[in-house]
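In: Show me how the following folds:
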Amino acid sequence: MWLEKLDENRISLGLERMEKFMKEREKIKYKCIHVGGTNGKGSVCHFIYNILRENYSVGLYTSPHLERLNERIVVDGVEISDEEVERYEYLNKYNFTYFEALTAIAIDYFEKKNVDYAIFEVGLGGRLDATNVIEPEISIITNVSLEHENYLGKDISSIAREKAGIIKNAPVVTACKGEALELIKNFAKDLYVVGEDVKWRKVENNKFLIEANEKYLVETKMNGVFQGENIAIAIKASELLGIGKEKIIEGIRKTFLPGRMERIGNFILDGAHNPKAIEAFSSSLADYNRLIVIFGAMKDKNIPEMISRLPPARFYIATKSGSRRAMDAEKIAEIGKKIGVDFFVKSEIREAIEFANEIAKENEIICIVGSLYLVGEARKILKEKYLY
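Out: Now for the predicted structure:
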């Protein structure tokens, strides 16, 4: 496939290539929702996607993928095929990055499929992200925490400014707090804030009460207390789009996103890939007192902070995904040792899974966390054992 010849790790922030592509095609006819932020973007995208699908034909563009790049571009539950991707080889003339090429494919493919709505997840930052050539009906900034500092800035305010770059002349929904929220208020004329304009609380496992224009008692297949905030964002956005209460509740109920607090056998898989996300992951496991944690992450992440926020466990196992950006398991173990966390070292995820199964006691949960790439590889292995 021509796309696989592009370097997935090449990052070249800037809109010049995408703007050239947009000038050479017809104006987008479908309505767009643009979703940025540090954590929760994927979940929010999927919640809104399933809510809108109750009434409309909907395209969904997310990243990264867990197992196949086709997962990134979906229309009404059907992934783009390899054959359809191949038809876009002509895009090579733009000298796109891997992510830009996929974004351009999504923009055009959704048009060809005559969708009513399309949801675009920001890849990195916002202001200079390839997706920032669309004109949204609603912009969403889930939250802001420290991540990708080399590209976005060294502090919350700088990162928030980059993420606020997706705000156009449309309503904005956010769950940001503190200085990030104050900065976003400078950019957004029509702003709805979770915690102020929208309230949520957990009622029981996987059930939440959301108070927006109306009250919603919703049940979700998605695990994790933090999903309450994501659901609140999705509900407010859906209200702004004029979606009815019953459709919203049903869309939330149907939503499931692999690799986010996903249970397969005695394993829990989560793509938490920064300190804040690890913190949310760990707090959702507070009721489990017997855990084994398999951890792997990318080199450009704040590994010491991620390790320090891992849940209490009987054993920790360091491993590495197949990505070139992934940190070696030995290096993770070295960092862990410096902050008082001892790791077993298994250089590949399959080896880590086999070892964890060997040392696990009956009913002991094995967590795999730290990277969506790691979770994607683990998922393939676990599906062989548990799902087929």
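
In: per-residue confidence for Gly296?
Out: As predicted, Gly296 sits at a pLDDT of 98.

In: From Gly322, how far off is it?
Out: Look at Gly296 and Gly322: by Cβ to Cβ, to the nearest Å, they are 10 Å apart. C-betas here are computed from N, CA, C, even on glycine.

In: of those two, who's got more company?
Out: Gly296 (28 against 11; other Cβ atoms under 10 Å).

In: Export the helix or strand hosting Ile210 to CSV, keeping only CA atoms.
Out: Taking DSSP states H and E as the definition, one finds Ile210 inside strand 207-211. C-alpha atoms of strand 207-211 as CSV (Å, rounded to 0.1, in the frame of the first residue of the first chain):
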residue,chain,number,x,y,z
LYS,A,207,-23.9,4.7,34.9
PHE,A,208,-23.8,8.5,35.0
LEU,A,209,-26.2,11.4,35.6
ILE,A,210,-25.5,14.3,33.2
GLU,A,211,-27.2,17.7,33.7
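
In: Packing partners of the helix or strand following it?
Out: Note on strand 207-211: by DSSP H and E, the next helix or strand toward the C-terminus is strand 215-219. Packing partners of strand 215-219 (3 or more Cβ pairs under 8 Å, 6 or more residues apart in numbering; DSSP states H and E): strand 207-211, helix 227-240, helix 245-254.

In: Tell me what angle the shortest one forms with helix 245-254.
Out: What it means is strand 207-211. For strand 207-211 against helix 245-254, the angle by axes from the mean of the first three to the mean of the last three Cα atoms, to 10 degrees is 150 degrees.

In: which of the residues in strand 207-211 are buried?
Out: Residues of strand 207-211 classed as buried: 208, 210 (neighbour count, 16 or more other Cβ atoms under 10 Å).

In: how far out from the middle of the chain is it?
Out: With Cα atoms, centre = their mean, to the nearest Å as the basis, strand 207-211 stands 22 Å off its chain's centre.

In: again with stretch 235-252
Out: The answer for stretch 235-252 is 21 Å, by Cα atoms, centre = their mean.

In: buried sites along it?
Out: Within stretch 235-252, the residues that count as buried by 16+ other Cβ under 10 Å are 235-241, 243, 247-252.

In: Kindly report the same for stretch 201-218.
Out: Residues of stretch 201-218 classed as buried by neighbour count (16+ other Cβ under 10 Å): 206, 208, 210, 212, 216, 218.

In: cool, stretch 130-149 as well?
Out: Neighbour-count burial for stretch 130-149 [16+ other Cβ under 10 Å]: 130-134, 136-148.

In: got the CA coordinates for that stretch in CSV?
Out: What follows is stretch 130-149, C-alpha atoms only, in CSV (Å, rounded to 0.1, in the frame of the first residue of the first chain):
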residue,chain,number,x,y,z
ALA,A,130,-3.6,18.8,9.3
THR,A,131,-7.3,18.6,10.4
ASN,A,132,-7.4,22.4,11.0
VAL,A,133,-8.5,23.1,7.4
ILE,A,134,-12.1,22.2,8.1
GLU,A,135,-14.9,24.7,9.2
PRO,A,136,-16.6,23.1,12.1
GLU,A,137,-20.2,23.4,13.4
ILE,A,138,-18.7,22.8,16.9
SER,A,139,-15.2,22.8,18.2
ILE,A,140,-14.3,20.6,21.3
ILE,A,141,-11.3,20.9,23.5
THR,A,142,-11.6,18.0,25.9
ASN,A,143,-8.9,19.1,28.4
VAL,A,144,-5.3,20.3,28.4
SER,A,145,-2.3,18.8,30.2
LEU,A,146,1.5,18.6,29.5
GLU,A,147,2.3,16.6,26.5
HIS,A,148,4.3,16.9,23.3
GLU,A,149,6.2,19.9,24.9
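
In: model confidence over it, on average?
Out: 93.

In: ok, now stretch 251-265?
Out: The model assigns stretch 251-265 a mean pLDDT of 96.

In: Report the buried residues of it.
Out: So for stretch 251-265, counting by 16+ other Cβ under 10 Å, buried means 251-252, 254-255, 257-262, 264.

In: What is the nearest of the residues you listed to Phe21?
Out: Phe21 lies nearest to Leu257 out of the buried residues of stretch 251-265, by Cβ to Cβ, at 28.9 Å.

In: number of nearby residues for Phe267?
Out: Around Phe267 there are 23 other residues, counting by other Cβ under 10 Å.

In: wait, it sits on Cys367?
Out: Yes - between Phe267 and Cys367 there is a contact at 7.4 Å, judged by Cβ atoms under 8 Å.

In: related to what we said a few turns ago, quick one: which of the buried residues of stretch 235-252 is nearest Glu182?
Out: Looking across those and measuring by Cβ to Cβ, the closest to Glu182 is Lys236, at 19.6 Å.

In: contacting residues for the closest one?
Out: Contact analysis of Lys236 by Cβ atoms under 8 Å, 6 or more residues apart in numbering lists 173, 192, 194, 197-198, 212.

In: Sort out for me which of those are in strands.
Out: In this view, the contacts of Lys236 that belong to strands under DSSP state E are 173, 192.

In: in the stretch 1-150 of the chain, what spans have low per-residue confidence?
Out: Across the stretch 1-150 of the chain, the ranges flagged by pLDDT under 70 are 149.

In: which residues of it fall in helices?
Out: Taking DSSP state H, counting those that start in this stretch as the criterion, the stretch 1-150 of the chain contains helices spanning 16-23, 41-52, 82-86, 98-112, 149-152.

In: Now render those as a markdown table, adding distance to Val75.
Out: Converted to a markdown table, these look like this (distance: least, Cβ to Cβ, whole Å):
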| stretch | distance to Val75 |
| --- | --- |
| helix 16-23 | 20 |
| helix 41-52 | 10 |
| helix 82-86 | 10 |
| helix 98-112 | 7 |
| helix 149-152 | 30 |
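
In: Looking at the buried residues of stretch 235-252, which two lie furthest apart in space?
Out: Leu240 and Glu250 (18.2 Å).

In: tally of neighbours for the closest residue to Tyr88 other than its chain neighbours?
Out: What sits nearest to Tyr88 in space, not counting adjacent residues and going by Cβ to Cβ, 6 or more residues apart in numbering, is Ile105, at 4.9 Å. Neighbours of Ile105 under the rule other Cβ under 10 Å: 22.
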